[in-house]
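Below is the sequence, then the predicted model.
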Amino acid sequence: EAQVTQNPRYLITVTGKKLTVTCSQNMNHEYMSWYRQDPGLGLRQIYYSMNVEVTDKGDVPEGYKVSRKEKRNFPLILESPSPNQTSLYFCASSFEAEADTQYFGPGTRLTVL
Amino acid sequence: GESVGLHLPTLSVQEGDNSIINCAYSNSASDYFIWYKQESGKGPQFIIDIRSNMDKRQGQRVTVLLNKTVKHLSLQIAATQPGDSAVYFCAENRWGAQKLVFGQGTRLTINP
């Protein structure tokens, strides 16, 4: 089944404790992206990747890192999480970056205490 | 700056009626539009898309209309069912931009 998977689905952590949210797609998509979703602010892009080893900042990249060592995986790293990073996170992928449909993962709900 | 907005944050309709969800966009260079459906606890799910060289596209029970003159997009859902209850987002993408710009979403509630 073609899909985007994320792990974990739920995570509660404490301020400053490094964490990684994994994202994987099995559709051979070149483009992958991370979003956060907050009430009243909608979906905002954190980082995106056009292809392996090519990443760039989205609209809200502060406090986050990403890597794209393989085409299928695009982990989101929070080196020192803070409470303002409590949010619902979505990974998405598409064949192309431009004018193409992005397919979303199921989401990761993160709470930073 | 660029924005994609929705006219109403909530919409309630009777089961079996048709629903119309509206979206306005500000960037005249936008050339690709997508409607997503997000059910509670799930990620956005693709419903239908339309490119700027079209003004109408139909899917199963859904129709998207694009009016480039007034920069307006709408999603019509025919014969709404309880399973249509969700938040609906419009999103815009254009050649040269490496991201989707999302609207805030409209929560559609189906009344029995």
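Structure received.

any idea whether A:Gly16 is helix, strand or coil?
At A:Gly16 the chain is in coil, as set by DSSP: H, G, I helix; E, B strand; the rest coil.

now the strands for chain A?
Secondary structure of chain A (DSSP state E): strands at A:4-7, A:10-13, A:19-25, A:31-38, A:42-51, A:54-57, A:65-66, A:76-78, A:87-94, A:103-104, A:108-112.

before we move on, what about chain B?
Under DSSP E, chain B gives strands at B:4-6, B:10-14, B:19-25, B:32-38, B:45-51, B:56-58, B:62-67, B:72-77, B:86-93, B:101-102, B:106-111.

re the thing from before, reformat the strands of chain A as JSON lines; add mean pLDDT.
Shown next, in JSON lines, are the strands of chain A (pLDDT from 0 to 100):
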{"stretch": "strand A:4-7", "mean pLDDT": "97"}
{"stretch": "strand A:10-13", "mean pLDDT": "97"}
{"stretch": "strand A:19-25", "mean pLDDT": "98"}
{"stretch": "strand A:31-38", "mean pLDDT": "94"}
{"stretch": "strand A:42-51", "mean pLDDT": "92"}
{"stretch": "strand A:54-57", "mean pLDDT": "94"}
{"stretch": "strand A:65-66", "mean pLDDT": "98"}
{"stretch": "strand A:76-78", "mean pLDDT": "98"}
{"stretch": "strand A:87-94", "mean pLDDT": "96"}
{"stretch": "strand A:103-104", "mean pLDDT": "94"}
{"stretch": "strand A:108-112", "mean pLDDT": "97"}
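
Same list (these) but as TSV, adding mean neighbour count and distance to B:Lys71.
Where you see a C-beta, it was placed from the backbone N, CA and C, and this is true even at glycine. Conversion of those to TSV gives the following (neighbours: other CB atoms under 10 Å in any protein chain shown; distance: least, CB to CB, whole Å):
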stretch	mean neighbour count	distance to B:Lys71
strand A:4-7	18	30
strand A:10-13	13	39
strand A:19-25	18	32
strand A:31-38	24	24
strand A:42-51	21	18
strand A:54-57	14	27
strand A:65-66	18	33
strand A:76-78	19	33
strand A:87-94	23	24
strand A:103-104	21	25
strand A:108-112	19	34
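
Many thanks, I have nothing further to ask.
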